[in-house]
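A.B. asks: Give me a model of this one.
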Amino acid sequence: MRIAVLSLFVVCMLCMGSVQLQAQDNVRVSVNNVVNYGSGTESDNMGETKNDTEYFENFTDVRINADNVIIGFRLEFSDPAEYGPDFSGLRRRFIGFRRNGLDVRVGDLFALHNRGLSLNLFEDRVIRYDTSLEGVRAEYENDWFRVKALAGSVNYLEHLTFDNPGGIREENYRIRSAAADFSPLNFLRIGGSYTYAEGELPLFGTEIDTVKVFLPEVFATVRTPWARINAGYNHRSLTMNSVADSVSGSGFYGAVSHTGRGYGVTLEYKNYSYDVVPHSVKNLDPLRNTRMSPFQSPPIAHKEHSYSLMTRDPHLVNFNDEVGFFLESFYSPMPSLTLNASLAMASVKYAWQKDLDPETFELMASRRNIGPNWLPSLNEERDPFWEIYADIDFLLPDFISYVKAGYNHRNRTFYTYNPFPGTFDLRNDVISNTFFVDIQYAFTPVWSVKLISEHRFVSDDLNVLNEADPQVQSKSYYDQLLTFQVTRSPSLTVGARIETTTDDTDPSGQKLWYTFEGSMRIGNTHTIMGSVGKERGGFVCTNGVCRFVNAFEGVRLSFISTF
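C.D. replies: The predicted structure is shown next:
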């Protein structure tokens, strides 16, 4: 609690001091403070497990700009944290200098090379994902070329193990990385990067596995009168003390986009094979030391939805072994009308089969080609996923009111190949169809109402592929979510959400959830947000990195201040 009081004291002092500092043209101070509080009960395991939970968090982010110098820090108090380990103290601190194309920063920092195939260091507090680097970064840019270099350490806490009774998985890396690109022609930009990392990863019990990662990459961007093209390729080599042979893999991402008057289309293609392993290894050891390094985060090449029911059962990208494409387009025949559509498809690159080891006479798994492995496949043994989405958005003449309606179809297959004697393969087919209507109507420039109606129909079939005794376990269910809000712009919003399901196997063991929520803006600097009721659990994702949130019943409050 002393840290929380200190945070509030720092905010008050900086706000009072900023009045004097900002009177000087060369000094600017900005402060963002977020307080989160929640108290209630989390439930999972079909409602059999219910845990009382309470959290209190305070994040104070401060930025001081003086001429070409920027100083920043975050004072954090998370005790107890909403998700993840508790923390009290300085989480972020850095000092930077920027002038005439030169940008140098020392301390805690983030970085991105091209599209993130080799290096993408970022933080997302919602999913508690953090790959920030503590060290130094230097960049220089002019009209002809850009160069960047960084060095430091990353302490990565695996966010999927925060609730693990065996403890949180921790990985430590020492990273050296550089990237450069130049523009020999006005329409062409080519470049490359090289990332080297030494890591200490958990192995068995208290044992540590020392790894070395080598990541060279080449990339290019082409701009023509009709399209913008971006492509990148990297190769990853991984050596470990625990394994004699090195592990190699690669990644490719390409995108082509074209826009015209009132329309646009983008095609993305991904081909990731950083750690191709059989289903049995992937399922039994998802956090294996040979998987893609956490400081990588390539593009996902599919749509991340914002409507709630479409996020309930998302496609979880297999960055270690996935090939696919994403086609997205829009057409606006008039300023008030926009049509959007997209198609995504992905699968693993290989199927697997049982083979007999000629030396040990034991069953083993070997790759089997089903179709070209550089294209996604609909064959069940390659874990196919495909999705179509379309919506229509009509804006009323007041430019506040609108009507939006959409449809989403998602088809996913999970194939579990079992090479062990006496076992059989499994196939799980999940098909969903989701419809939504989103309406906002403004009675006046100040008062408006909003209604969102979402409906999802799900078919979930588990097939036991035993030739002697095949079995099918099927279930179908229906989800509905209604959201209603009343807004007095710009200061007040109140609303409610109610969600129902016919699924008898929801992880929370419930079929009805309801929440009342609202927010109030105080002046130009403060916002209070709160909710009370029952919230259904589900996945929360950012750029393909996801975590599952348990169902929650209770109160949540947030207080946000920006100066």
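
A.B. asks: All the helices of the stretch 201-350 of the chain, residue numbers only.
C.D. replies: Assigned helices in the stretch 201-350 of the chain, in chain order: 279-284, 308-311 (criterion: DSSP state H, counting those that start in this stretch).

A.B. asks: just those: most buried one?
C.D. replies: Sort the helices of the stretch 201-350 of the chain by mean neighbour count, taking mean count of other Cβ atoms under 10 Å, and helix 308-311 sits at the top with a mean of 20. Any C-beta I mention is one placed from the backbone N, CA and C, and that applies to glycine too.

A.B. asks: hmm, who's touching that helix?
C.D. replies: Applying Cβ atoms under 8 Å, 6 or more residues apart in numbering, the contact partners of helix 308-311 are 305, 408, 410, 434, 436, 454-456, 479, 481, 499, 538-541.

A.B. asks: do you know which of the helices of the stretch 201-350 of the chain lies nearest residue 416?
C.D. replies: Closest to residue 416 of the helices of the stretch 201-350 of the chain, according to Cβ to Cβ: helix 279-284, at 5.3 Å.

A.B. asks: can I get the CA coordinates of the closest one in CSV?
C.D. replies: Below are the C-alpha coordinates for helix 279-284, written out as CSV (Å, rounded to 0.1, in the frame of the first residue of the first chain):
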residue,chain,number,x,y,z
HIS,A,279,0.8,-34.0,-32.7
SER,A,280,1.8,-36.1,-29.7
VAL,A,281,4.8,-33.9,-28.9
LYS,A,282,2.9,-30.7,-29.6
ASN,A,283,0.1,-31.7,-27.2
LEU,A,284,2.2,-33.2,-24.5
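
A.B. asks: can you tell me the average pLDDT over that helix?
C.D. replies: The pLDDT scores in helix 279-284 average 78.

A.B. asks: ok, residues contacting it?
C.D. replies: By Cβ under 8 Å, 6+ apart, the list of residues contacting helix 279-284 reads 288, 318, 320-321, 352, 365, 415-420.

A.B. asks: can I get these in JSON lines with neighbour count?
C.D. replies: As requested, the contacts of helix 279-284 are arranged in JSON lines below (neighbours: other Cβ atoms under 10 Å):
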{"residue": "288", "neighbour count": "14"}
{"residue": "318", "neighbour count": "24"}
{"residue": "320", "neighbour count": "20"}
{"residue": "321", "neighbour count": "21"}
{"residue": "352", "neighbour count": "23"}
{"residue": "365", "neighbour count": "18"}
{"residue": "415", "neighbour count": "22"}
{"residue": "416", "neighbour count": "17"}
{"residue": "417", "neighbour count": "22"}
{"residue": "418", "neighbour count": "19"}
{"residue": "419", "neighbour count": "19"}
{"residue": "420", "neighbour count": "10"}
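
A.B. asks: Next step: those restricted to strands.
C.D. replies: Among these, the members falling in strands (DSSP state E) are 352, 365, 415-416.

A.B. asks: for those, which one is nearest residue 192?
C.D. replies: residue 352 (34.3 Å).

A.B. asks: Next, find the distance separating the closest one from residue 463.
C.D. replies: Distance, residue 352 to residue 463, using Cβ to Cβ, to the nearest Å: 17 Å.

A.B. asks: Likewise for residue 525?
C.D. replies: 57 Å.

A.B. asks: How about residue 106?
C.D. replies: 56 Å.

A.B. asks: for residue 456, same thing?
C.D. replies: Residue 456 sits 22 Å away from residue 463, going by Cβ to Cβ.

A.B. asks: Likewise for residue 512?
C.D. replies: Summarising the geometry, the distance separating residue 512 from residue 463, computed by Cβ to Cβ, is 31 Å.

A.B. asks: Same check on residue 350?
C.D. replies: Counting by Cβ to Cβ, the separation of residue 350 from residue 463 is 21 Å.

A.B. asks: circling back to that earlier point, what about residue 512 and residue 463, which has more around it?
C.D. replies: Each of residue 512 and residue 463 had its neighbours counted (other Cβ atoms under 10 Å), and the higher figure belongs to residue 463 (18 against 10).

A.B. asks: Helix, strand, or coil at residue 60?
C.D. replies: The three-state label for residue 60, taken from DSSP: H, G, I helix; E, B strand; the rest coil, comes out as strand.

A.B. asks: doesn't residue 408 make contact with residue 305?
C.D. replies: Yes - here residue 305 reaches residue 408: they are 7.2 Å apart, a contact under Cβ atoms under 8 Å.

A.B. asks: circling back: okay, and which of the contacts of helix 308-311 map to strands?
C.D. replies: Counting by DSSP E, the part of the contacts of helix 308-311 found in strands is 408, 410, 434, 436, 454-456, 479, 481, 499, 538-541.

A.B. asks: Let's have those in CSV, adding pLDDT, neighbour count and distance to residue 490.
C.D. replies: Conversion of these to CSV gives the following (pLDDT from 0 to 100; neighbours: other Cβ atoms under 10 Å; distance: Cβ to Cβ, whole Å):
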residue, pLDDT, neighbour count, distance to residue 490
408, 98, 22, 31
410, 97, 22, 36
434, 98, 23, 31
436, 98, 21, 26
454, 98, 22, 26
455, 98, 15, 31
456, 98, 23, 33
479, 97, 23, 33
481, 98, 21, 26
499, 97, 22, 28
538, 88, 19, 30
539, 88, 14, 32
540, 88, 17, 27
541, 88, 20, 29
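
A.B. asks: I'd like to know which of the residues you listed is nearest to residue 245.
C.D. replies: For the ones in strands among the contacts of helix 308-311, the residue nearest residue 245 by Cβ to Cβ is residue 541; the value is 33.7 Å.

A.B. asks: Now the closest one: closest residue in space, sequence neighbours ignored.
C.D. replies: By the measure of Cβ to Cβ, 6 or more residues apart in numbering, the closest residue to residue 541 outside its immediate chain neighbours is residue 314, 5.7 Å from it.

A.B. asks: what residue ranges in the chain are flagged as low confidence?
C.D. replies: Low-confidence segments of the chain, defined by pLDDT under 70, span residues 1-25, 355-364, 419-422.

A.B. asks: For beta bridges, what are the partners of residue 340?
C.D. replies: In this structure, residue 340 has beta-bridge partners residue 330, residue 391, where bridges are defined by DSSP bridges.

A.B. asks: any idea how far residue 268 is from it?
C.D. replies: 16 Å.

A.B. asks: neighbour count winner among those two?
C.D. replies: Neighbours around residue 340 and residue 268, counted as other Cβ under 10 Å, are more numerous at residue 268. The numbers are 21 against 18.

A.B. asks: does that one have beta-bridge partners, and which?
C.D. replies: Per DSSP bridges, residues listed as beta-bridge partners of residue 268: residue 255, residue 326.

A.B. asks: Check the gap between residue 93 and residue 541 for me.
C.D. replies: Between residue 93 and residue 541 the distance, using Cβ to Cβ, works out to 29 Å.

A.B. asks: Which positions within the one helix or strand residue 148 maps to qualify as buried?
C.D. replies: With the criterion set as DSSP states H and E, the secondary-structure element containing residue 148 is strand 145-157. Judged by neighbour count (16 or more other Cβ atoms under 10 Å), strand 145-157 contains these buried residues: 146, 148, 150, 152, 154, 156-157.

A.B. asks: now, the most widely separated pair of these?
C.D. replies: Based on Cβ to Cβ, the longest span within the buried residues of strand 145-157 runs between 146 and 157 and measures 31.8 Å.

A.B. asks: Okay then, goodbye and thanks.
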